[in-house]
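>>> A structural model of the following input is requested.
(2 chains)
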Amino acid sequence: MAQIPAPFRPTEEQINRDLLGPLFKTGPKYYAALAVLIAVTGMVFVAWFFQLAYGIGMAGKNRPSFWGLYITTFVFWIGISHAGTLISAILRVVQAEWRRPITRCAEAITTFALCTGSLFPIVHLGRAWLFYWMVPYPNSRYLWPNFQSPLMWDFIAINTYLTGSVTYLYLPMIPDMAVARDKATGWRKKMYRILALGWRGTEREWLRLEKAISIMALIIIPVAVSVHTIVSWDFAMTLMPMWRSTIFGPYFVVGAIFSGIAALLIAMVLIRKYFKLERYLLPIHFDNLAKMLLAMSLLWFYFTFTEYLVTWYGNEAPEMPVFWSKISGRFAPLFWLMVVCNFIIPFPILAIRKLRTIPMIFFASTCILVGMWLERFLIIVPTLTHPFLPYNYGTYWPSVTEACIAGGTLGLFVLLYFLFAKFSPMISIWEIEEGYSVAKHSVESHHPSSLGSSVPGDVHPAH
Amino acid sequence: MAQTCLVKFTEHTQARMAVRRLIQEGIDPKSMEVMSSQPIHGESIVPDNDSTKLRTWALSGATIGLLGGFSLSTITALNYPLVKGGMPIVAPWTVGLITYETTMLGAVLATLVGLLVELRLPNFKNLPYDASVVDGGIVLAVGCPEASRPVVERALSASGATRVNWV
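Numbers count the residues shown, from 1 in each chain, chains lettered A, B, ... in the order given. Sure thing, here's the model as predicted:
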């Protein structure tokens, strides 16, 4: 008979060693990957430099399609940013115990996706160096920015979300920075000493930190929802065919959470493998998130179906060319690829328990990211190339500069995430320790006799 | 001369017992601090440690943000009244949106500032600390006059302290 392995019950020392290990040990693979990422990111800035030097015409934007890959990728990254903070906040508010190994990975995604996404409105500007004109202060004629412009709403909403997300990421990191301070040597010790702010782990500090985190979790949920709703209003507040929709707000929020969870799952699979964190990121964490992803896939399909059905049934003259260009026209291959990537492939993988393995979840999540990028593209470009008056119809094809900048930001995002993973534990140390304590006390109080049990994971914080 | 002793425990119940005994012996609870690598749930070990005004901080920040956002979007529009897109000079939707976001921003920033003020962080002074805290130890720091040292040691040894250091 196969022997059941003993449950993993690490001591605090072991948890510190496991989770701080990747910070202090850096192998050649890391440097090789870093070099590739720096090269890809460098491509973004070289292409942007050419665009600044030779003009916005390098970006391939022309009548009637003034928004192309830049705004597509902007909406995509803002969507990705929804996973982290929103999911982490919801799981904290409902006190889901399995959240513990996930929250840090998720919150970091939000911060870096927002940093990456918020570059695009600046890149998209003809004279990017004047972007500070959006900052609310009066110019020499005492003229203030136009707050009635959705661009200003974006600016204020994204900055609020970024400030909230960075704060929400940093607060739970303070105790971990103190652990790193006590374990590190040399320049790292100095750096962690500053980042830990003098944290000592007193009862008074813990009580206030937990209170602050719970207040922040409550604040960040409505902010996250508002941000993507406001991004959707960039489109819905115009009078363009297939944009002026009352469900665009929730449709965008659902799509954002959908793509965000997919990005989180991909990040978790990679972190688990390359940082050897198999004992902390358990199959049950992937399974739970995959179920959430399945629910979001169904919701996304429902919203998409509703959006297209109502347009088709309405049969309005300006909308039908856009509709048919997606269903059976020029954009049809991309449209049907989107449906395959967002629903046809992920649905069975995520719905059938036997298929819901970590490699298959990784595959489904990758498909979803491709599908969601296509969804953003298909919202923007077909409408712009089919405005109200047929003689204004046009075509759109991205330029090399545009493709380099839009594609290269994937490298920028991964680079930021990669660097972060080298200076902060990607799993919250104190939350894991707290989880083990909570689980242990729960077992002790409910089943005193089961303490010596050998059922795997019986005191794991995930359960 | 006042001295501080650092006492290490393995369980928070021992620290709780030690604090209770020290209070019975007449040591001021304000001179005691319990340090741990994770939050200790339940009733606070050192009395009166759990009162916080962070909610008030957040609400105050939200109020300031609300007033700031409202003023920004209305006064600036009235300051230079241009009709834009056929909308009223002070458009309720715009004012609502900007006010909402600045309210939230105010609450976020005030919560952060409130936390730092209440905890007096950052603080890089050499306060009583034992690095074994991060490896799971529960450390009690007690500040007391030298005359009270025997009383403190007696109370601590009866509570299961594994290590007592005077600093």
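>>> C-alpha from now on. contacts and neighbour counts both.
Noted.
>>> Check the gap between the most centrally placed residue in chain B and B:Ala107 for me.
In chain B, the residue lying closest to the centroid (CA atoms, centre = their mean) is B:Leu119, at 4.3 Å. According to CA to CA, to the nearest Å, B:Leu119 and B:Ala107 sit 18 Å apart.
>>> What of B:Gly26?
Taking CA to CA, one finds B:Gly26 at 41 Å from B:Ala107.
>>> okay, those two: which has more neighbours?
The residue with more neighbours, out of B:Gly26 and B:Ala107, is B:Ala107; 28 against 11, by other CA atoms under 10 Å in any protein chain shown.
>>> ranges for the helices of chain B?
All helices of chain B, identified by DSSP state H, fall at B:12-24, B:54-79, B:92-119, B:149-157.
>>> Please identify the deepest-packed of these.
helix B:92-119 (a mean of 21; mean count of other CA atoms under 10 Å in any protein chain shown).
>>> which one is the residue nearest to the centre of chain B nearest to, not counting chain neighbours?
Once flanking residues are discounted, B:Leu119 sits nearest to A:Glu205: 6.3 Å by CA to CA, 6 or more residues apart in numbering or on different chains.
>>> neighbours around that neighbour, how many?
Counted with other CA under 10 Å, the neighbours of A:Glu205 add up to 24.
>>> For it, give its distance to B:Leu116.
10 Å.
>>> Could you look up the SS state of the nearest residue to A:Ile56 once chain neighbours are set aside?
Nearest residue to A:Ile56, sequence neighbours excluded (CA to CA, 6+ apart): A:Gly126, at 5.4 Å. Assigned by DSSP: H, G, I helix; E, B strand; the rest coil, the conformation of A:Gly126 is coil.
>>> now for whichever strand or helix holds A:Tyr161, which elements pack on it?
Element membership for A:Tyr161 (DSSP states H and E) is helix A:150-183. Contacts defined by 3 or more CA pairs under 8 Å, 6 or more residues apart in numbering or on different chains; DSSP states H and E place helix A:150-183 against helix A:103-117, helix A:186-196, helix A:203-236, helix A:429-446, helix B:92-119.
>>> what's the domain layout of chain B?
By the assignment in automatic domain parsing, chain B contains the domains B:2-50+B:126-166, B:54-119.
>>> Give the residue spans of the chain that score low on pLDDT.
You didn't pick a chain, so chain A it is. Along chain A, the parts satisfying pLDDT under 70 run over A:1-7, A:446-463.
>>> um, chain B though
If you take pLDDT under 70 as the line, chain B has these spans: B:1, B:49, B:162-163.
>>> about what we covered before: got a list of what the residue nearest to A:Ile56 touches?
A:Leu52, A:Gly55, A:Ile56 (CA atoms under 8 Å, 6 or more residues apart in numbering or on different chains).
>>> Quick one: name the residues of the stretch 351-463 of chain A near chain B.
Counting by CA under 8 Å from any CA of the partner chain, the residues of the stretch 351-463 of chain A close to chain B are A:Trp430, A:Glu431, A:Glu433, A:Glu434.
>>> Let me have these in CSV, extended by neighbour count.
Shown next, in CSV, are these (neighbours: other CA atoms under 10 Å in any protein chain shown):
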residue, neighbour count
A:Trp430, 24
A:Glu431, 23
A:Glu433, 22
A:Glu434, 19
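>>> and of those residues, the nearest to A:Phe363?
A:Phe363 lies nearest to A:Glu431 out of these, by CA to CA, at 29.1 Å.
>>> if I look at the closest one, how far off is A:Asn342?
According to CA to CA, A:Glu431 and A:Asn342 sit 33 Å apart.
>>> Equivalent analysis for A:Gln95, please.
To A:Asn342, A:Gln95 is 30 Å away according to CA to CA.
>>> Likewise for A:Ser445?
45 Å.
>>> who's more crowded, the two?
More crowded of A:Ser445 and A:Asn342, by other CA under 10 Å: A:Asn342, with 30 against 10.
>>> hmm, stretch B:59-70 touching chain A?
No - Stretch B:59-70 does not reach chain A (CA under 8 Å from any CA); its nearest approach is 10.1 Å.
>>> hey, C-alpha coordinates of that stretch in PDB?
Extracted C-alpha coordinates of stretch B:59-70, given in PDB (Å, rounded to 0.1, in the frame of the first residue of the first chain):
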ATOM      1  CA  LEU B  59     -12.900  59.200   6.700                       C
ATOM      2  CA  SER B  60     -11.100  62.500   7.300                       C
ATOM      3  CA  GLY B  61      -9.000  61.900   4.200                       C
ATOM      4  CA  ALA B  62     -12.100  61.000   2.200                       C
ATOM      5  CA  THR B  63     -13.800  64.200   3.300                       C
ATOM      6  CA  ILE B  64     -10.800  66.300   2.300                       C
ATOM      7  CA  GLY B  65     -10.600  64.500  -1.000                       C
ATOM      8  CA  LEU B  66     -14.300  65.000  -1.600                       C
ATOM      9  CA  LEU B  67     -14.200  68.700  -0.900                       C
ATOM     10  CA  GLY B  68     -11.000  69.000  -2.900                       C
ATOM     11  CA  GLY B  69     -12.300  67.200  -5.900                       C
ATOM     12  CA  PHE B  70     -15.600  69.000  -5.800                       C
END
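>>> Run the chain-centre distance for it.
How far stretch B:59-70 lies from its chain's middle: 23 Å, per CA atoms, centre = their mean, to the nearest Å.
>>> which residues are contacting it?
B:95-96, B:98-111.
>>> Can you tell me which of these is nearest B:Lys53?
Nearest to B:Lys53 among the contacts of stretch B:59-70, counting by CA to CA, is B:Thr111 at 9.7 Å.
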